[in-house]
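# I need the structure of the sequence given here:
(2 chains)
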Amino acid sequence: MSLLTVDKLSVAFPGHVAVREASFSIESGETLALVGESGCGKSVTAFSVMRLLPSNARIASGRILLEGTDLLSLSEPEMREVRGAKVSLIQQEPMTSLNPVLSIGLQITEVIRRHEKLSRRAARARAVELLDLVRIPDAHRRLDDHPHNLSGGMRQRVMIAMAVACRPRLLIADEPTTALDVTTQAQVLDLLDDLRRRLGMAVLLITHDLGVVAQWADRIAVMYAGRIVEQGGIEPFFARPLHPYSRGLLGARVDVDADEHYSKNRLSEIPGSVGSAAGQAGCSFAPRCPVAEPACRRAVPPLVALPDERAVACPVTVVLAGGPHGAALR
Amino acid sequence: MSVQVDPELEVPVSVDTGSRAAPRKHRRLRAFVRNPTFVAGVMILAFFVFLAVFADLLCPGDPLDMVAPPVLWPGQDMAFPLGTDSLGRDVLSGLVHGSRASLVVGISAAAIGLAIGMLVGALAGFFGGRIDTALTRLIELFQTTPTFILVIVIVAIGEPNLETIAMAIGLASWPTVARLVRAQFRSLRESDFVMAARSLGYSRWRIILQEILPNALPPVIVAASVMTANAILIEAGLSFLNMRDPNIVSWGGMIGDGRDQLRTAWFLTALPGAAIALAVLSLNLVGDGLNEILNPRTEP
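The predicted model follows:
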């Protein structure tokens, strides 16, 4: 059984639907990257798993199974026992994600004591271990520091320490390095990868950086306009992306080795914008798609399973790839 | 981090990294001490607190007793350095004992106002929606009523003693705090660290009390000192209008008593008036100083 199974999840806001029938699963110990451009619904998907959506959002349908329990059927107090203990969240902005008036030691010990019966002293010892674990030098001295004494990278490490304090089974990282500079970014992602191995947790990595995905993820799910359009392992995906949108994304990358530079050649792009399919039937990528057929504009293509544990929601690609080997992915 | 310098070489010889937390606390304290407005306010306020606490030692006996001939001018009889009023009561003793009434009413009225205001503001700001709408209407209802009139009505209904007066002023002055706290909660509840706290499984009450409230406090602390000053002014106004406990001496009451001799013995109104002005000024200075110290934009 998968650690987390998201089954046909739809999330609606007043006036628009942010996530449409998204299905994916995460095995324990693996890193799944959820990729897409801003506003495609990847963060909404992640916050649905935590059940921390804004008050005007509504989960219209679907199931979210964590180790077999449907999180959507839990009461709010039951859900609070899941948050931080079984599923944790790391946010984008380390500069504002820590409470500015409390010392980091207090913030970490409070999390531990929230979910586990430990004395203050024992929790403090655990906090030192955790700071060591996230590679903060001089951990026991740092405990009494306040967030404003720490740099962005350090704060993100403290956030990670708090998130993994109670050994969660799943860590959701919502663009954990977007706000950090490139060197810090690599250190933080290496740290996350290391912790994943050591603590045996799964990571749902939300990002729009394909370079990050290539280096740190095991599998990828590509989202476009609220739907998952392609899923698969990292190697086959980067070797041969299937969905026209994935191909467009990979084509839009700049390859330094091939001596590409915007001063010499025009960079390739995907024509049109996400909004171009608003209110239309059929595949939402069809208006921008180079291989779209008239049928694409009539019905939404289902996510079809292919060999190599891949899946794609594009009938044209499925035919090109030699047809489905198996039924449509649930 | 403190650096010890060898006086002869003037070169740092040992760097002490072991006591990081202590100097930081001192730095925080130094911000208070270095603010002249705050220091001046605290010193004047401390003087009045000293008078109130040691009133019985400084001026023994009941300040309402007739102890001397009426209307002695200040300096006329050194046993009564600030003179006596038309009933022969010692003005100095009245001023010293009167500081009790002013401070007690000021502080307890501010405490009542803060308690109600923070509760209402926190609930409205955190929960939003219908709770917010209902509580905002309640705040507006109180805000549209003139504070002083409301206090007079409440005191007129109840007994004119210190408890009623403090309660009345507290009940009339909470809306300011409520609006302040509500605005703070509305912006802070959307902040990333509140989302982080929710994602770690904390309950609403724990988030309100431990995550949001400490971050919402600085402007409330500033408001509290101004509220105390206002409460002292309102209490003086009530006493002047004779809505006071007749068994307790208060500055406002002394002004009211001295009104008849305004042309012949002006010091009877000027001295308690000066005391009120000084007390209110000290609280406003403390408020201004706190505003500068606690404002995150001016923090070093």
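
# which SS class is residue A:24?
strand (DSSP: H, G, I helix; E, B strand; the rest coil).

# can you tell me, leaving aside adjacent residues, what's nearest to it?
Residue nearest to residue A:24 in three dimensions, not counting chain neighbours: residue A:221, with 5.0 Å by Cβ to Cβ, 6 or more residues apart in numbering or on different chains. Bear in mind the C-beta positions are built from the backbone N, C-alpha and C, glycine included.

# ok but that neighbour is inside a helix, no?
No. Assigned with three-state DSSP, residue A:221 falls outside any helix and is strand.

# can you verify my assumption that it contacts residue A:230?
Yes. With contacts counted by Cβ atoms under 8 Å, residue A:221 reaches residue A:230, the gap being 7.4 Å.

# where's residue A:65, which helix or strand?
Using DSSP states H and E, the element containing residue A:65 is strand A:58-66.

# what's in contact with whatever helix or strand comes next after that strand?
Following strand A:58-66 in sequence order, the next helix or strand is strand A:69-70 (DSSP H and E). Residues from elsewhere that reach strand A:69-70, judged by Cβ atoms under 8 Å, 6 or more residues apart in numbering or on different chains: A:63, A:64.

# right, and the helix or strand after strand A:69-70?
helix A:76-82.

# where does the stretch 151-300 of chain A dip in pLDDT?
A:254-265, A:275-279 (pLDDT under 70).

# ok, residue B:139 - contacts?
Residue B:139 neighbours (Cβ under 8 Å, 6+ apart): B:120, B:124, B:175, B:178, B:179, B:182.

# tell me which helix or strand it sits in.
Short version: residue B:139 belongs to helix B:129-144, going by DSSP H and E.

# for that helix, list every residue counted as buried.
Using 16 or more other Cβ atoms under 10 Å in any protein chain shown as the test for burial, helix B:129-144 gives B:132, B:135, B:136, B:139, B:142.

# likewise stretch B:142-152?
B:142, B:147, B:150, B:151, B:152.

# and what of stretch A:53-72?
Under the neighbour-count criterion of 16+ other Cβ under 10 Å, stretch A:53-72 has A:57, A:59, A:62, A:64, A:65, A:66, A:71, A:72 buried.

# and which of those is nearest to chain B?
residue A:71 (13.1 Å; Cβ to the nearest Cβ).

# look at the residue in the stretch 201-330 of chain A that chain B sits nearest to and tell me its secondary structure.
For the stretch 201-330 of chain A and chain B, the shortest gap (Cβ to the nearest Cβ) falls at residue A:204, measuring 13.0 Å. Three-state assignment for residue A:204 (three-state DSSP): strand.

# contacts only, for it.
A:4, A:26, A:31, A:32, A:34, A:46, A:49, A:170, A:171, A:172, A:173.

# try 7 Å this time
Contact analysis of residue A:204 by Cβ atoms under 7 Å, 6 or more residues apart in numbering or on different chains lists A:26, A:32, A:34, A:46, A:170, A:172, A:173.

# just the element for the most centrally placed residue in chain B, please.
In chain B, the residue lying closest to the centroid (Cα atoms, centre = their mean) is residue B:228, at 2.9 Å. Per DSSP H and E, residue B:228 falls inside helix B:213-240.

# what helices or strands is that helix leaning on?
helix B:91-127, helix B:147-157, helix B:162-188, helix B:251-258, helix B:267-294 (3 or more Cβ pairs under 7 Å, 6 or more residues apart in numbering or on different chains; DSSP states H and E).

# kindly format the C-alpha coordinates of the next helix or strand after the third one as CSV.
So that's helix B:162-188. Sequence order places helix B:192-199 as the next helix or strand after helix B:162-188, per DSSP H and E. Only the C-alpha atoms of helix B:192-199 are listed here, as CSV (Å, rounded to 0.1, in the frame of the first residue of the first chain):
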residue,chain,number,x,y,z
ASP,B,192,3.5,32.5,7.6
PHE,B,193,4.4,31.6,11.2
VAL,B,194,0.7,31.1,12.0
MET,B,195,0.4,28.8,9.0
ALA,B,196,3.5,27.0,10.2
ALA,B,197,2.0,26.7,13.7
ARG,B,198,-1.2,25.2,12.2
SER,B,199,0.8,22.8,10.1
